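# What follows is a predicted protein model with its sequence.
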Amino acid sequence: MTLFDLISNGTNLAVLGAALAVLFPCMGSAKGVGMVGEAASGLLTDDPSKFGGALLLQALPGTQGIYGLVTAFIVLFKIGLFGEMSALTTAQGLFIMFACLPIAVVGYFSAIKQGRVAVAGINLIAKRPGEVTKAMTSAALVETYAILALLISLLAVLFASV
């Protein structure tokens, strides 16, 4: 039996999809949250009273990692990993793996892009403290695409015939 034979069974492919759904959005979220944290540290050095707005902006890019985690849990429950596990065909496993790709890919990139927009928001509130709402709105707009990717991944996984 080859390594390919071990990996290519349906259950393992579905677990791989769950892993990708967590891995990439969490990497993007860590990068995005880190970028905003660096910018926020500079802001808070000058004015610690802006901590609340900076914290909200820093938290935003972290949501994509949560979306990936939710998708992975749904996959693991769907295939019965926490109960009675069902054997999946290769086709079923591939379907679930591919269903995880929208949140994996979009979650990664949108978290980084959202981090960049939030860094710009930190710069905005450094100069105009009353503009936190505008900074949050701009960063939240990037979130829309992560939510759309989450929806398509979840719907595909939930309605997969397993």
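Right, received. Where do you want to start?
# ok, the residue nearest the centre of the chain - contacts?
Geometric centre of the chain, nearest residue: residue 64, 2.4 Å, by C-alpha atoms, centre = their mean. For residue 64, the contact set (C-beta atoms under 8 Å, 6 or more residues apart in numbering) comprises 25-26, 28-29, 32, 103, 107-108, 110-111, 114, 146. The way it works is simple: take the backbone N, C-alpha and C, and place the C-beta from them, glycine included.
# Can you tell me the SS state at residue 84?
coil (DSSP: H, G, I helix; E, B strand; the rest coil).
# Report how many residues lie close to it.
If you count neighbours by other C-beta atoms under 10 Å, residue 84 ends up with 6.
# what about stretch 123-134, how long is it end to end?
In stretch 123-134, first residue to last residue: 12 Å (C-alpha to C-alpha, to the nearest Å).
# In that stretch, which residues are buried?
Neighbour-count burial for stretch 123-134 flags 124-126, 132 (criterion: 16 or more other C-beta atoms under 10 Å).
# Same question for stretch 77-89.
78-79, 81, 88.
# In helices, which of those appear?
Among the buried residues of stretch 77-89, the ones falling in helices (DSSP state H) are residue 78.
# still on that earlier bit, as CSV, the buried residues of stretch 123-134 with secondary structure would be great.
Formatted as CSV, the buried residues of stretch 123-134 follow (three-state DSSP):
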residue, secondary structure
124, helix
125, helix
126, helix
132, helix
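# Of these, which pair is most distant in space?
By the measure C-beta to C-beta, 126 and 132 form the most distant pair in the buried residues of stretch 123-134, at 11.1 Å.
# in this structure, which spans are helices?
Counting by DSSP H, the helices of the chain are 3-7, 10-46, 51-59, 63-78, 90-127, 132-158.
# For these, could you give me TSV that also reports mean pLDDT?
What follows is the helices of the chain, written out as TSV (pLDDT from 0 to 100):
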stretch	mean pLDDT
helix 3-7	68
helix 10-46	95
helix 51-59	92
helix 63-78	96
helix 90-127	95
helix 132-158	94
